[in-house]
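Participant: Quick one: sequence and predicted model below, then my questions.
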Amino acid sequence: MTPAIVELPPLTLSRYRFTLTADDPLLLPPYKGSALRGGFGHAFKRMVCFQPEVQTCSACLLRATCPYAYVFETATPPDAEVLRKNEHAPRPIVIQPPADEKTTYFPGDSLDFHVILIGRAQQYLPYFLVAFQELGRQGLGRRLDLPGGRRRGRYHLAQVEAVDPLAGVRALVYDAAQPTHIHAQALPVDAARVTAYAQTFPTDRLTVEFLTPTRLQHEERLVREGPPFAVLVKALLGRISSLTYFHCGERWETDFRGWIDRAQAIALAETGTAWVDWERYSGRQQQRIEMGGLVGQATYTGNLAPFLPLLMLGTLTHAGKGAVFGNGRFSVENAAL
């Protein structure tokens with residue numbers, strides 16, 4: 001029998017607020033998720049890779065213990081019980097870029113964004129701090145004519161805070177005034193706290209706002225309107241299940257089919273979503289990748305109570321493809337997440 005609510009798996013995560021301060025002019029794209037993920041990934045790899053001559057992580061003898069391979073090239077183990085046909089598992093990191101479309105940052109300007117680390121990835125926080133420091137020295141964004149030649153603008157990592165989105169509490173992790181000291185590691189969020197938080201929300205009508213391009217699929221096609229509630233629920237069930245299995249070491253036993261069937265009864269009462277196109281360039285694949293998706297609001301009506309914990313957790317894990325770049329971020333009406 002399907003339980004009264006979606007009982008969340010033992011997934012834990014931590015959210016961090018990074019503040020960068022420009023030392024040179026920075027020229028960034030309106031949607032900064034790809035620039036942050038791309039630059040950070042390259043800096044991380046240069047920092048930890050002992051075999052740069054090896055073309056792919058899958059061919060490296062150190063891949064099983066390498067933090068870069070785990071975070072950015074997360075391979076599906078050969079003995080995995082789920083996603084066996086997939087070469088890669090979902091990454092244990094979500095970058096939440098700023099919501100504005102500001103593109104030019106002058107010296108002294110701040111750039112704030114959030115990073116969410118899931119499961120075992122939380123232990124690699126010091127690597128993230130050092131990698132963002134290194135990216136600041138290498139430069140971020142488009143190359144500009146600057147003192148010393150044509151290069152990317154530099155910044156410094158000014159501050160990092162752990163953020164508890166449920167309690168609205170922050171704790172200092174890193175400050176540029178003490179660059180070798182970590183003050184706190186995390187303010188972790190777990191399933192029990194998310195479930196308790198979800199019980200405070202309306203149960204018969206709810207508006208979801210898709211803040212960044214959200215790529216959902218139904219019957220192997222991208223969903224370009226709506227989306228129907230069952231499509232969103234299916235995407236969240238699959239993503240959260242995979243993150244729990246690969247990064248928290250637990251298999252989520254729940255009635256996936258039953259929950260998707262029950263979600264069919266939730267009506268899409270109003271929709272104000274639109275498809276937004278954007279693409280990024282993949283240096284690894286040497287091609288441009290389509291990253292467009294739905295943005296805007298959708299209002300759902302029906303017996304939403306069973307799904308509230310799933311929705312609340314989904315605001316932190318994101319939904320659909322490209323979450324590591326910030327895609328699939330959504331908010332629930334009146335929620336602080």
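Facilitator: Right, received. Where do you want to start? Residues are numbered from 1 along each chain as shown.
Participant: And I116, which helix or strand is it part of?
Facilitator: strand 110-118 (DSSP states H and E).
Participant: likewise Q133?
Facilitator: helix 125-138.
Participant: hang on, isn't P92 packed against H247?
Facilitator: Yes - using CB atoms under 8 Å, P92 is in contact with H247, at 4.3 Å. Any C-beta I mention is one placed from the backbone N, CA and C, and that applies to glycine too.
Participant: what touches both of the two?
Facilitator: I118, G119, R120, A121 (CB atoms under 8 Å, 6 or more residues apart in numbering).
Participant: Spit out the contact partners of the last one.
Facilitator: This points to A121. A121 neighbours (CB under 8 Å, 6+ apart): Y70, V71, P92, I93, H247.
Participant: Not including adjacent chain positions, what is the nearest residue to the last one?
Facilitator: In this structure, H247 finds its nearest non-sequential neighbour in G119, 3.1 Å apart by CB to CB, 6 or more residues apart in numbering.
Participant: pretty sure that neighbour contacts P9?
Facilitator: No - G119 lies out of contact with P9 (CB under 8 Å); the separation is 10.7 Å.
Participant: got any residues that touch both of those two?
Facilitator: T244, C248.
Participant: residue contacts, L268?
Facilitator: With contact set as CB under 8 Å, 6+ apart, L268 has these partners: G226, P227, P228, F229, A298, T299, Y300.
Participant: TSV for those residues, including pLDDT and distance to M47?
Facilitator: Compiled in TSV, these are given as follows (pLDDT from 0 to 100; distance: CB to CB, whole Å):
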residue	pLDDT	distance to M47
G226	91	42
P227	96	39
P228	97	43
F229	98	43
A298	97	41
T299	96	45
Y300	97	44
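Participant: wait, which of those is closest to G320?
Facilitator: Taking CB to CB as the measure, G320 lies nearest P227 of the contacts of L268, at 9.4 Å.
Participant: residues in contact with H114?
Facilitator: R15, Y16, R17, F18, I95, Q96, V163.
Participant: change it to 6 Å
Facilitator: The contact partners of H114, by CB atoms under 6 Å, 6 or more residues apart in numbering, come to R15, R17, Q96.
Participant: Over to I95?
Facilitator: I95 neighbours (CB under 6 Å, 6+ apart): G33, L36, R37, V115, G326.
Participant: With that, I have no additional questions.
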